[in-house]
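Visitor: model this:
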Amino acid sequence: MIKGLESIGIMYKHAKIPALLTFVLMGLSSVMVAAQIHITRNLVDNAQGFISGYVVLSVVGLWVLISFFVVIFSRSNEFFGTLIDVSIRRNLTKKFMPMVMGKLNRIDYACFEDNKTHDIINRISRAPQNSVISCFNSLIAFFTGLFSLFGLIIYFMTISTQFTLMYIIMTIIYCALIATRTKSHFEMQNKLANEVRTINYLDSLFTQKHPLTELRVFGGSPYIFKKWLGHLEIILKNHFNQNLKTGLLQLINIIVLCIWAAFMLLLSGNMVINGEQSVGFFVAVLAGFGSISGIASRLVENFSAYLNAVLNFGNFKKFMELPEIDLSGKKETDLSEIRFEDVYFKYPNTENEILKGVSFTLKQDERISIVGKNGAGKSTIIKLLCGLYKPNSGKIYVGGVELSDLEPSIMRKTFSAVFQDFGQYSITLRENVALYDTDNMEDDEKIKSSLKYAMGEDLIKKSDLGLDVQLGRLEETGIDMSGGQWQRISIARAFFSDSKFIILDEPTASLDPLAECKMYEVFLNVLKNKGSITISHRLASAKMADRILVISNGKVTEEGSHDELMNLNREYRKMFDAQADWYREG
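Guide: All right, here's what the predicted structure looks like:
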């Protein structure tokens, strides 16, 4: 219960006035329920007195007027509540969301590799403010119902203290049972997280162009749909069982409440017959039964919603506690050299060491190529170099400063990259190219020059909008790109940056052979004054490197130029000759 109170603090910080108005509305709404019962009693009693001749008409009219205003307030309560809710959501979106987005930007990259942590990030990132709003709203609704119920109980205490206390005990027991069901439901949702993730993935296969094309052409859709139905059946079966148990609890509660109401009506009717209470009291009690059953039902529902919101709010707290990258660091260093010293690394939650004592040095104007079999650790070196992970042991230096001690802005001046899984951003061509260096986004000549180097100058001519053409299909005027065109844009993005070193991880995988050959000629020209690290399974590209590193079993097993490694007649030569055989005639 206490955990959810933190949502009040967040609301007060980011939406102070709407939050205070919510409390005012809660207080008025709580009072109005008991007030309506009291007004009904006095209205009936005074109307009876007027008929009997001992109450004047003006008194009856006053109670009618008061009753009218209470009804108007009750009807307008929802309207004011909606206005306040809209104001709260607007304030949280403006003030709270930047904090959440900043957190997303700072989360340690390793968190995205862990399924449980990734599930938390996915739940929160869609609408992080909703967990706070749900927790706050359900808490307010619960206490509104609780205070309203308290006012009604006072009336019923005048009929029978024992039966009223019995009702209170029944409500408490029912709330406890619902709390157990809510916790069980939340645990079920966590247990089904993998099923939900799988079904969402299978959903995406039917909505994304590339997998859908293959599924339709080769007839794989029925099988995927069958798998989708299987996972859906598991989810639906679990939800049905949970809802059935909750429904049975609600049915038992309704039966017990009806039995209790019948006894209370008999007792109150007997009190009127014996002259202990007025007819107005009986009418007020009769009206109160409708209110108390409705309030009690909503109270339990709101209590259940609150518990569920608290559990979801717990995800938000876990999200905010996720480890972050360190954004502080040194702002100046010598960018003329990169050095790996005895680096060991294994991915989080795994036992297999990917790198085992890797050491090498890269000068600013030097080009090296890293080659090796799949799984040897080539891309892992790139991830470490980009600061996505930290070595388990050993050091990585930029100049004389440890990589982990550098400020991110300095790291961006140090490296630009073309990744194997490059980003395809549905924004303008200009924004795509200048994304790494937004300060120069209006420098048309530099953008065009980068596209020219990346052999993508023809993309400017695809629309009359030139550099401002929208890429992707988010807008009607957007144009779609082939895989090779998107890769050229990613290469242009890396060239646009004024970094000292450039990382090329399979930079031509989506290009045709002729375009690939021309692109490597471009690399030779553009990278004359930059240091570069290239990873490619096409070993012919390694010939342009000043130095080649062969990675095998997590270690640097060979190092030298192409000619030197060919003369060694070891693993590099075997790989090179194996590929060359495919191009030789005969």
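Visitor: which one's the longest helix in the chain?
Guide: helix 221-273 (DSSP state H).
Visitor: what packs against that helix?
Guide: Counting contacts by 3 or more C-beta pairs under 8 Å, 6 or more residues apart in numbering; DSSP states H and E, helix 221-273 is packed against helix 161-191, helix 193-205, helix 279-320. Where C-beta positions appear, they are placed from N, C-alpha and C, glycine not excepted.
Visitor: neighbours of Phe206, just the number please.
Guide: The tally of other residues near Phe206 (other C-beta atoms under 10 Å) stands at 14.
Visitor: how much space between Glu431 and Arg493?
Guide: As judged by C-beta to C-beta, to the nearest Å, Glu431 and Arg493 stand 10 Å apart.
Visitor: now Ile427
Guide: Taking C-beta to C-beta, one finds Ile427 at 12 Å from Arg493.
Visitor: in the protein, which spans are strands?
Guide: All strands of the chain, identified by DSSP state E, fall at 337-345, 355-363, 367-372, 393-398, 401-402, 415-418, 501-505, 531-535, 547-552, 555-560.
Visitor: contacts for the third one?
Guide: By C-beta atoms under 8 Å, 6 or more residues apart in numbering, the list of residues contacting strand 367-372 from outside reads 360, 362, 378, 381, 527, 531-537, 539, 541-542, 544-552, 572, 575.
Visitor: most neighbours per residue, which of the helices and strands packed on helix 221-273?
Guide: Mean neighbour count (mean count of other C-beta atoms under 10 Å) peaks for helix 279-320 among the helices and strands packed on helix 221-273, with a mean of 19.
Visitor: what packs against that one?
Guide: Contact partners of helix 279-320 among helices and strands, from 3+ C-beta pairs under 8 Å, 6+ apart: helix 6-14, helix 16-52, helix 115-126, helix 128-157, helix 161-191, helix 221-273.
Visitor: that helix versus helix 161-191: what angle between them?
Guide: Relative orientation of helix 279-320 and helix 161-191, computed by axes from the mean of the first three to the mean of the last three C-alpha atoms, to 10 degrees: 30 degrees.
Visitor: which residues does the residue lying closest to Tyr572 once chain neighbours are set aside contact?
Guide: Spatial nearest neighbour of Tyr572, excluding adjacent residues (C-beta to C-beta, 6 or more residues apart in numbering): Leu565 at 4.1 Å. With contact taken as C-beta under 8 Å, 6+ apart, Leu565 is in contact with 548, 550, 558, 572-573.
Visitor: out of these, which comes closest to Ser393?
Guide: Proximity of the contacts of Leu565 to Ser393 (C-beta to C-beta) peaks at Val550, which lies at 22.3 Å.
Visitor: touching, that closest one and Gly560? I think so.
Guide: No - shown here, Val550 and Gly560 do not form a contact pair, counting by C-beta atoms under 8 Å, at 9.1 Å.
Visitor: neighbour-wise, which of those two wins?
Guide: Taking neighbours as other C-beta under 10 Å, Val550 and Gly560 compare with Val550 leading, 23 against 15.
Visitor: tell me what the more buried one is bridged to.
Guide: Val371, Glu558 (DSSP bridges).
Visitor: which residues does it contact?
Guide: 371-372, 556-559, 565, 570-572.
Visitor: quick one: it from Leu355, how far?
Guide: Counting by C-beta to C-beta, the gap from Val550 to Leu355 is 14 Å.
Visitor: re the thing from before, Glu431 and Arg493: which is more packed in?
Guide: Arg493 (25 against 17).
Visitor: the more buried one contacts Arg430, correct?
Guide: No - Arg493 is beyond contact range of Arg430, at 11.2 Å (criterion: C-beta under 8 Å).
Visitor: and the closest residue to Ala284 other than its chain neighbours, how far is that from Ser221?
Guide: Closest residue to Ala284 in three dimensions, ignoring its sequence neighbours and counting by C-beta to C-beta, 6+ apart: Arg41, at 3.8 Å. Distance from Arg41 to Ser221, counting by C-beta to C-beta: 68 Å.
Visitor: these two: which has the busier surroundings?
Guide: Neighbours were counted for Arg41 and for Ser221 using other C-beta under 10 Å; Arg41 has more, 23 against 14.
Visitor: circling back to that earlier point, quick check, pLDDT for the residue nearest to Tyr572.
Guide: pLDDT, Leu565: 91.
Visitor: where's it relative to Leu549, distance?
Guide: Leu565 is 10 Å from Leu549, by C-beta to C-beta.
Visitor: mind listing the shared neighbours of those two?
Guide: In contact with both Leu565 and Leu549: Glu558, using C-beta under 8 Å, 6+ apart.
Visitor: rounded mean pLDDT for stretch 186-194, please.
Guide: In this model, stretch 186-194 has a mean pLDDT of 77.
Visitor: re the thing from before, kindly reformat the contacts of Leu565 as TSV containing distance to Tyr174 and pLDDT.
Guide: Formatted as TSV, the contacts of Leu565 follow (distance: C-beta to C-beta, whole Å; pLDDT from 0 to 100):
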residue	distance to Tyr174	pLDDT
Ile548	73	91
Val550	70	91
Glu558	73	91
Tyr572	74	88
Arg573	78	89
